[in-house]
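Participant: mind looking at a prediction? Sequence and model below.
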Amino acid sequence: MKKAKIGVQMMVLKDKVGELGIYDLIQQVAKMGYPSVEISQIPMTEENVNQLRKASLDFGVDISSCSATIDPMFPGMPGETLTNDFDKIVEDLRKLECRYLRLGMIPFSMIGNREGFIEFAKKAEDMGVRLKEKGIHLYYHNHHVEFQKLDGEWGLDIIRNNTTNLVLCNI
């Protein structure tokens with residue numbers, strides 16, 4: 001039987017990036033015995049991406065997945081999105097030898113209405129196709145908001161029934 005890998009969701013350590021730097025933070029994660037990390041809510045600056053790559057190689061920590069949004073989570077929210085920064089996100093994933101990209105949540109403005117879920121699913125499907133062409137798999141991480149019924153159908157089922165290039169997961 002294959003031994004499971006347990007990794008660290010870097011979102012929980014995001015406040016330590018400014019204090020320690022991403023390289024030293026990954027070193028500490030490796031020293032604790034964690035063989036992989038998921039990058040989420042860490043600024044993907046050129047310096048951070050380069051330090052992530054170096055730390056991954058130096059300490060044998062796999063960048064198992066990265067996180068992104070299709071559009072901002074709420075209007076005016078800063079940060080990269082697949083809509084605006086697709087090529088840069090793909091380049092970062094390649095640099096990190098990472099083939100998995102996770103969508104963390106449906107944008108807040110789409111929560112609570114069926115049309116919002118359908119629109120999100122269609123955008124996710126389009127991005128999933130584009131990413132698949134680049135050798136990258138697109139995943140969706142659910143939360144409680146997908147477990148509401150919208151016109152008699154669960155939000156998560158609306159997403160599932162309107163995508164074929166988006167994997168649903170809870171990692």
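Facilitator: Looks like it came in fine. Numbers count the residues shown, from 1 in each chain.
Participant: what's the helix or strand hosting Leu52 in contact with?
Facilitator: For Leu52, the host element (DSSP states H and E) is helix 46-59. With C-beta atoms under 8 Å, 6 or more residues apart in numbering as the contact definition, helix 46-59 has outside contacts at 17, 21-23, 25-27, 29-30, 39, 42, 61-63, 92, 95-97. Yep, even glycine has a C-beta here, placed from its N, CA and C like the rest.
Participant: need the CA coordinates for the helix or strand following that helix. CSV is fine.
Facilitator: Going down the chain from helix 46-59, the next helix or strand is strand 62-68, by DSSP H and E. Provided in CSV are the C-alpha atoms of strand 62-68 (Å, rounded to 0.1, in the frame of the first residue of the first chain):
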residue,chain,number,x,y,z
ASP,A,62,7.0,19.2,-3.3
ILE,A,63,4.8,22.2,-4.3
SER,A,64,1.8,19.9,-4.6
SER,A,65,-0.6,22.7,-5.7
CYS,A,66,-1.1,26.4,-5.9
SER,A,67,-4.2,28.5,-5.4
ALA,A,68,-5.8,31.1,-7.6
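Participant: mind checking how far strand 62-68 is from the chain centre?
Facilitator: Shown here is strand 62-68, whose average C-alpha point lies 6 Å from the average C-alpha point of the whole chain (C-alpha atoms, centre = their mean, to the nearest Å).
Participant: pLDDT averaged over it - what is it?
Facilitator: Per-residue pLDDT values over strand 62-68 give a mean of 95.
Participant: what helices and strands are in contact with that strand?
Facilitator: Under the contact criterion of 3 or more C-beta pairs under 8 Å, 6 or more residues apart in numbering; DSSP states H and E, strand 62-68 touches strand 36-39, helix 46-59, helix 82-95, strand 100-103.
Participant: swap the cut-off to 6 Å and go again
Facilitator: The elements that strand 62-68 packs onto, with contact taken as 3 or more C-beta pairs under 6 Å, 6 or more residues apart in numbering; DSSP states H and E, are strand 36-39, strand 100-103.
Participant: partners of the last one, with directions?
Facilitator: Each strand paired with strand 100-103, and its direction, by DSSP bridges: strand 62-68 (parallel), strand 137-141 (parallel).
Participant: which of those strands is buried the deepest?
Facilitator: Ranked by average neighbour count under the criterion mean count of other C-beta atoms under 10 Å, those are headed by strand 62-68 at a mean of 22.
Participant: what does that one contact?
Facilitator: Counting by C-beta atoms under 6 Å, 6 or more residues apart in numbering, the neighbours of strand 62-68 from elsewhere in the structure are 7, 36, 38-40, 56, 82, 89, 96, 98, 100-102, 104.
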